[in-house]
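Trainee: need a structure here:
(2 chains)
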Amino acid sequence: KQEVTQIPAALSVPEGENLVLNCSFTDSAIYNLQWFRQDPGKGLTSLLLIQSSQREQTSGRLNASLDKSSGRSTLYIAASQPGDSATYLCAVRLNTGTASKLTFGTGTRLQVTL
Amino acid sequence: GAGVSQSPSNKVTEKGKDVELRCDPISGHTALYWYRQRLGQGLEFLIYFQGNSAPDKSGLPSDRFSAERTGESVSTLTIQRTQQEDSAVYLCASSLVLGTDTQYFGPGTRLTVL
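Mentor: Purely as a prediction, here's the structure:
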């Protein structure tokens, strides 16, 4: 059974800092990995999608890397801003018959302070 | 363009009542997914649709849960004889195609069973 773990569970940083969120998964036979942010009372917003054949994806101040063999992904946020405060979730899609099922981690709650 | 919408946004019901939750996916998206997020827990996959078909219903928590999709568009998740443990945020997502594509999430329906 695929298990997805995110560390740390919560993080508070001052504005302007660069930070790294970690995601690890137990079954390396993944189809892809996706990072989301979740704001209170709102749904999930997709940030980055990395296919299993890719090593990283970048979007603005965000960079996500994937090391499938070691079962790890990181989300790097550069020059953090208060608006980045949210819960960040990683989710993996297995390369199996139920290839559309996403298994989510429990998230990292990020607070960026002024 | 319009994103995924869900209704109602909030639902309070009494134990034992039936509820219906609705999801309107992004127009043209062939795949639709339902997830559940209980308080303090990660997202839990429930079911997905490819067109109007749901090939894998194993994620539904019990036989009180059912889902259907019509016209390759709207989907309803029905919970019969609700229990307090059904209280959660129910999230719907859609993607253009099944498998590799990014899933776009709706804002969710917060269900409270008294």
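
Trainee: how close does the residue most central in space within chain B get to chain A?
Mentor: The residue lying closest to the centre of chain B (CA atoms, centre = their mean) is residue B:34, at 3.4 Å. Going from residue B:34 to chain A by CB to the nearest CB, to the nearest Å gives 11 Å. No exception for glycine: its C-beta is placed from N, CA and C like everyone else's.

Trainee: check which helix or strand covers that residue.
Mentor: Residue B:34 belongs to strand B:31-37 when assigned by DSSP states H and E.

Trainee: okay, angle between the helix or strand following that strand and strand B:31-37 too, please.
Mentor: Where DSSP H and E defines the elements, the next helix or strand beyond strand B:31-37 is strand B:43-50. Strand B:43-50 runs at 160 degrees relative to strand B:31-37, counting by axes from the mean of the first three to the mean of the last three CA atoms, to 10 degrees.

Trainee: now strand B:43-50, how far from the centre of its chain.
Mentor: Centroid separation between strand B:43-50 and its chain, computed with CA atoms, centre = their mean, to the nearest Å, is 7 Å.

Trainee: please name every helix or strand in contact with that strand.
Mentor: strand A:102-104, strand B:31-37, strand B:65-69, strand B:75-79 (3 or more CB pairs under 8 Å, 6 or more residues apart in numbering or on different chains; DSSP states H and E).

Trainee: so what touches it?
Mentor: Here strand B:43-50 makes contact (CB atoms under 8 Å, 6 or more residues apart in numbering or on different chains) with A:89, A:91, A:100-104, B:30-38, B:54-57, B:59-61, B:65, B:67, B:69, B:75, B:77, B:91, B:98.

Trainee: burial count for residue B:91?
Mentor: By the criterion of other CB atoms under 10 Å in any protein chain shown, residue B:91 has 26 neighbours.

Trainee: from residue A:38, how far out is it?
Mentor: Separation of residue B:91 from residue A:38 (CB to CB, to the nearest Å) stands at 9 Å.

Trainee: need the nearest residue in space to residue 51, chain neighbours excluded.
Mentor: Chain wasn't specified; assuming chain A. Nearest residue to residue A:51 in three dimensions, chain neighbours excluded: residue A:32, at 4.8 Å (CB to CB, 6 or more residues apart in numbering or on different chains).

Trainee: hm, I was asking about chain B
Mentor: residue B:72 (5.1 Å).

Trainee: in chain A, which spans are strands?
Mentor: A:4-7, A:10-14, A:19-25, A:30-38, A:44-51, A:56-59, A:62-67, A:72-77, A:86-94, A:102-104, A:108-113 (DSSP state E).

Trainee: would you say residue B:16 is within a strand?
Mentor: No - under DSSP: H, G, I helix; E, B strand; the rest coil, residue B:16 sits outside any strand and is assigned coil.

Trainee: burial of the residue nearest to it when sequence neighbours are not counted, as a residue count?
Mentor: Excluding its sequence neighbours, the residue lying closest to residue B:16 (CB to CB, 6+ apart) is residue B:81, at 5.5 Å. Residues near residue B:81, counting by other CB under 10 Å, number 11.

Trainee: lovely, talk soon.
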